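Participant: any chance you can model this:
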Amino acid sequence: QRLIERGERFAQQADVSRAVIAGHMRLFIRDGMVILVHGFSNVVNGALKNAAESGVRFKVIATEGQPEKDGNLICQELGAAGIPVELVLDTAVGFVISQEVDMVITGAAGVCESGGIINKIGTYQLSVLAKEAKKPFYVAAESYKFCRLYPLSPTDLPDAEKEPEPHSEAGVKVRKPPSDFTPPSNITLLHTDIGVLTPSAVSDELIKLYY
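Facilitator: This is a model prediction of the structure:
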């Protein structure tokens with residue numbers, strides 16, 4: 001019974017956190033924008049739907065999201081909410097960023113002490129392309145995802161997120177790393193339930209949460 005109650009409290013907290021984040025992000029989404037998203041994220045989808053419900057008109061481009069192809073799920077959910085949405089090949093993100101994208105938004109599996117994030121594979125390369133194109137790269141994440149980790153490179157990950165051994169497909173070794181680390185220098189702002197933060201502010205917030 002206690003486990004059920006804790007689960008229900010956590011779900012309620014998550015809903016409240018996502019609603020607060022959606023309110024923050026609404027101020028950054030304007031009419032006519034083209035927004036690139038990568039990786040299925042309830043908090044990102046919720047923020048986009050909230051902005052659309054408030055009357056803002058914009059278009060979303062979702063990456064295909066190999067190997068899970070979760071871009072299809074993003075398109076289904078946002079399309080059902082009446083948001084114009086397109087799917088783009090992972091290999092074409094540089095093309096669309098340079099041509100038409102106004103901002104990039106991703107979620108995060110974890111927000112590290114440095115202000116960098118661990119997220120779906122491909123997030124790091126997307127941040128590099130956005131920085132090169134001088135487009136803002138925003139992260140939406142609940143504060144319960146803040147973690148006392150300090151990765152030093154895109155492959156410096158916790159064991160649960162590390163690349164598994166390659167497997168063979170038709171005699172070819174195939175690598176499928178699930179996650180990567182995006183450094184704080186590539187992130188413009190983090191939209192969280194405790195405020196809109198610069199990456200450098202995350203360590204201060206972690207001190208407040210843990211001490």
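
Participant: now stretch 42-55: average pLDDT?
Facilitator: Averaged across stretch 42-55, pLDDT comes to 96.

Participant: just the strands from the protein, written as ranges.
Facilitator: 34-38, 59-63, 85-88, 103-106, 110-111, 117-120, 137-140, 167-169, 172-174, 179-182, 189-192, 195-197 (DSSP state E).

Participant: okay, those strands in CSV with mean pLDDT, mean neighbour count and distance to residue 149 next?
Facilitator: Glycine gets a C-beta too; all of them are placed from N, C-alpha and C. Output for the strands of the chain, formatted as CSV (pLDDT from 0 to 100; neighbours: other CB atoms under 10 Å; distance: least, CB to CB, whole Å):
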stretch, mean pLDDT, mean neighbour count, distance to residue 149
strand 34-38, 98, 24, 21
strand 59-63, 98, 23, 25
strand 85-88, 98, 17, 31
strand 103-106, 98, 24, 18
strand 110-111, 94, 24, 7
strand 117-120, 95, 26, 8
strand 137-140, 98, 25, 15
strand 167-169, 84, 9, 27
strand 172-174, 90, 9, 28
strand 179-182, 93, 24, 9
strand 189-192, 97, 24, 15
strand 195-197, 95, 17, 17
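
Participant: ok, which of those strands comes nearest residue 152?
Facilitator: strand 179-182 (8.4 Å; CB to CB).

Participant: sheet partners, orientation included, of the closest one?
Facilitator: strand 117-120 (antiparallel) (DSSP bridges).

Participant: dump the strands of the chain into a markdown table; add distance to residue 15 as well.
Facilitator: A markdown table is the format used below for the strands of the chain (distance: least, CB to CB, whole Å):
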| stretch | distance to residue 15 |
| --- | --- |
| strand 34-38 | 20 |
| strand 59-63 | 22 |
| strand 85-88 | 23 |
| strand 103-106 | 19 |
| strand 110-111 | 19 |
| strand 117-120 | 21 |
| strand 137-140 | 14 |
| strand 167-169 | 38 |
| strand 172-174 | 38 |
| strand 179-182 | 25 |
| strand 189-192 | 15 |
| strand 195-197 | 18 |
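
Participant: indicate which one of the ones you listed is closest to residue 204.
Facilitator: So among the strands of the chain, strand 195-197 is nearest, using CB to CB, at 8.9 Å.

Participant: how near is the residue sitting furthest away from the middle of the chain to residue 147?
Facilitator: Going by CA atoms, centre = their mean, the residue of the chain most distant from its centre is residue 171, 34.2 Å out. Residue 171 sits 39 Å away from residue 147, going by CB to CB, to the nearest Å.
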